[in-house]
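**Q** Show me the folded form of this:
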Amino acid sequence: MIVYQAYLWNNIAQNPYIHHKKEILAEQHKGLDYEAMQQMALQQQGHTYLLVIGVDAYTHCPPLSNCVRDAQGFTQLLQEQYQVSPERTYELYDAQATRTKVLRELKDLRNRVGEDDSLIVYFSGHGEIEDDEGFWIPVEGKPGEDEGWIAAGNIKRLLNKINSFHTLVIADACFAGSFFISYKNATRQLLHSRRSRLGLSASHSRERALDGQAGENSLFAKELLRALRHNQQPLPVDQLFTEVRDAVAAATQGRQTPIFKNIDVKGDDQGQFVFVPVGDEATTWEAAKAADTILAYFQYNQDYPDGKYRAEALAAIRRLEEEAHWQRAQQADTLSAYLDFLGRFPDGAYAEEAKQRQAELLKGYAEPKKPSPPKAKVKKTPTLKPQLSKPGLPPELIKLSENMVHIHGGTFWMGWKDEARDGEGYDDEKPYHEVSLSAYYLGKYPVTQAQWEAVMGDNPSLFKGCVNCPVEQVSWDDVQEFIKKLNAKTGEKYRLPTEAEWEYAARGGERGAQDNYLYSGSNRLDRVGWYNANSGEKTHPVGQKQPNQLGLYDMSGNVWEWCSDWYGSYSSDDQRNPKGPDSGSYRVSRGGSWLIPSQLCRASDRNRWYPSKRYSGLGFRLARSF
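**A** Below you'll find the predicted structure:
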């Protein structure tokens, strides 16, 4: 007996508040992707068209329970929270969702949707796969008779004739991932001014998608609606996908994994789009303050150009710009970096500190003194532990310093090399490339809740009451503030590791070159990490699993760990001490977490989040230069 289960195949195009702009803003700021941020926030010039299809009451196939409910819930959410117009929404439910009517609606959209408009197509119902081609099954479709189904090829041919700016297909149906067969993962930068053709499906091409209990949403729809409903700031669609994928994979223990890929429809220009919720001025301002990001304040100013908080928003943008440039100056730690910073912010909050550091660096360029007579060499044992420069520190911060592990420099192959070493990889892990690193220090453990509280005075974690558990629900921006205060307290120069430093250490450095473990320290994840199959749906105290070859704990699982890099594509060129792209929209995180399947805990796996993202599976560990 064939068991049919619901699978949302959603074709979501952009609503009036998923914005794009064709003009490129003139000013470019190295180190910050202002163009992408601004494009995300600009008003869309066209309209959004929504086609929604949901089928429960099949004539010949087994009935489903929640497809119409899911489709109607999605429609209502976009109309209420994202202001999609009912006049541009087309709905086909149960008896209306025949093959003829679905194809006719898609055909008619080519005369309605203009080049500045966006299109969302959402399908929830039975899906099948025959000879590697995916099908949506209309209400009158019969089991085994694919001539009465709706082939992916037919859908693509009709979408090819719709000249939309953005097209997004979302599908919640069994085997819906077959729509993407032979196409690459949608790993792209946030280029909202470019056209896009993307799809989000509830599972892979060989997986069934769970329908859920009658009267409830399917698991995929539940997580999709939850993420959109609770969203209070601009949400890029690939970050939406990451949240939905992790939640669904965790709930099913990896048996159902949503995918997000390009669709083979002409007009794609590697673009990206963003869901932007809309509220009144006071609500928008409070949301901007809560997010405390350049993008959030910029969005407020765009929505309310004469708003009552405009001056405060501009001041906040300048503050965040200064902080971001100051962080880059500190990371570079060169005369030119501090000169550039002082040129931009001569009277800023960090100006005096920049001048002091500039003076210290200038001493290294003084006229060399006459060399003294050579002295007899005395062999000294190097001190590998960083020494605290300030007395009277809290025990937790002393422990933090004592647990910094010296990582010898070396050369390794970064990224996905082959399946024997790295398992089944993703496109953004390629190409593998040779990287050489200088020596550095890395924390033996992720930063704990106790250590966070010793610096910040609060605990943002979801899993409170466990002082030795890793701190979580901290954004990349939050971590920068923590590091700033920590360095002020200790006199040290802690920082986040680069992505290359993180992966080199996770692989065991020079000692791990021969082992080629899939995870950090083992080919068996349960020995070294906490993930969805053994975590009990929570974080665990650091250091309870086996360490890797360098004595580092929890590099795979427990919490994702922020890196300092902007997220971007790899190069095949050899590199030395790489620091990632100069700009971007997302920051890198690595290692997997308690919530997700083993596939995402591999040493080569990459992830990325918006820098303001807070999440119960997201923490960090510290590094410092040698």
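**Q** Show the contacting residues for residue 225.
**A** Contact analysis of residue 225 by CB atoms under 8 Å, 6 or more residues apart in numbering lists 70, 73-74, 77, 217. Using the backbone N, CA and C atoms, a C-beta is placed for each residue, glycine as well.
**Q** out of the residues you listed, which are inside helices?
**A** Under the assignment DSSP state H, the contacts of residue 225 contribute 70, 73-74, 77 to helices.
**Q** which of those lies closest to residue 299?
**A** Using CB to CB, residue 77 comes nearest to residue 299 of the ones in helices among the contacts of residue 225, at 19.8 Å.
**Q** Distance check, that closest one against residue 96.
**A** Per CB to CB, to the nearest Å, residue 77 is found 21 Å from residue 96.
**Q** before we move on, what about residue 610?
**A** 39 Å.
**Q** Which one's more surrounded, these two?
**A** Neighbour count, other CB atoms under 10 Å: between residue 610 and residue 96, residue 610 has more, with 22 against 15.
**Q** which ones are touching the more buried one?
**A** By CB under 8 Å, 6+ apart, the contact set of residue 610 is 236, 239, 585-587.
**Q** and what of residue 242?
**A** 607-609.
**Q** for those residues, which one is nearest residue 397?
**A** residue 609 (26.7 Å).
**Q** That closest one and residue 477 touch, don't they?
**A** No. The pair residue 609 / residue 477 is not scored as a contact, 10.9 Å apart, by CB atoms under 8 Å.
**Q** Show me what counts as buried in the longest helix belonging to the chain.
**A** Longest among the helix segments of the chain by residue count, using DSSP H, is helix 310-332. Residues of helix 310-332 classed as buried by neighbour count (16 or more other CB atoms under 10 Å): 313, 316-317, 320-330.
**Q** Could you pull out the strands in the stretch 251-400 of the chain for me?
**A** Secondary structure of the stretch 251-400 of the chain (DSSP state E, counting those that start in this stretch): strands located at 259-262, 274-275.
**Q** Next: the stretch 1-150 of the chain.
**A** Under the criterion DSSP E, counting those that start in this stretch, the stretch 1-150 of the chain contains strands at 6-11, 48-54, 89-93, 118-125, 127-130, 133-136, 150-151.
**Q** For the longest helix of the chain, what does the pLDDT average out to?
**A** Averaging pLDDT along helix 310-332 gives 88.
**Q** Name the residues that touch it?
**A** So helix 310-332 is contacted by 29, 31-32, 285, 288-289, 292-294, 297-298, 300-301, 304, 307, 337-338, 340-341, 344-345, 348-350, 354, 480, 495, 564, 579 (CB under 8 Å, 6+ apart).
**Q** Just the buried subset of the residues you listed, written out for ChimeraX, thanks.
**A** Selection of buried members from the contacts of helix 310-332 for ChimeraX, criterion 16+ other CB under 10 Å:
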select :31,32,285,288,293,294,297,298,300,301,304,307,337,338,340,341,345,348,350,354,480,495,564,579
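**Q** From the contacts of helix 310-332, which land in helices?
**A** Counted as lying in helices by DSSP H, out of the contacts of helix 310-332, are 285, 288-289, 294, 297-298, 300-301, 337-338, 340-341, 344, 354, 480.
**Q** Now flag whichever of those residues is closest to residue 198.
**A** Closest to residue 198 out of these is residue 298 (24.3 Å), distances taken as CB to CB.
**Q** any idea how far the closest one is from residue 275?
**A** Distance, residue 298 to residue 275, using CB to CB: 16 Å.
**Q** got it, and residue 334?
**A** Residue 334 is 40 Å from residue 275, by CB to CB.
**Q** Among the two, which residue is more densely surrounded?
**A** Neighbour comparison, residue 334 and residue 275: the larger count goes to residue 275, with 22 against 13 (by other CB under 10 Å).
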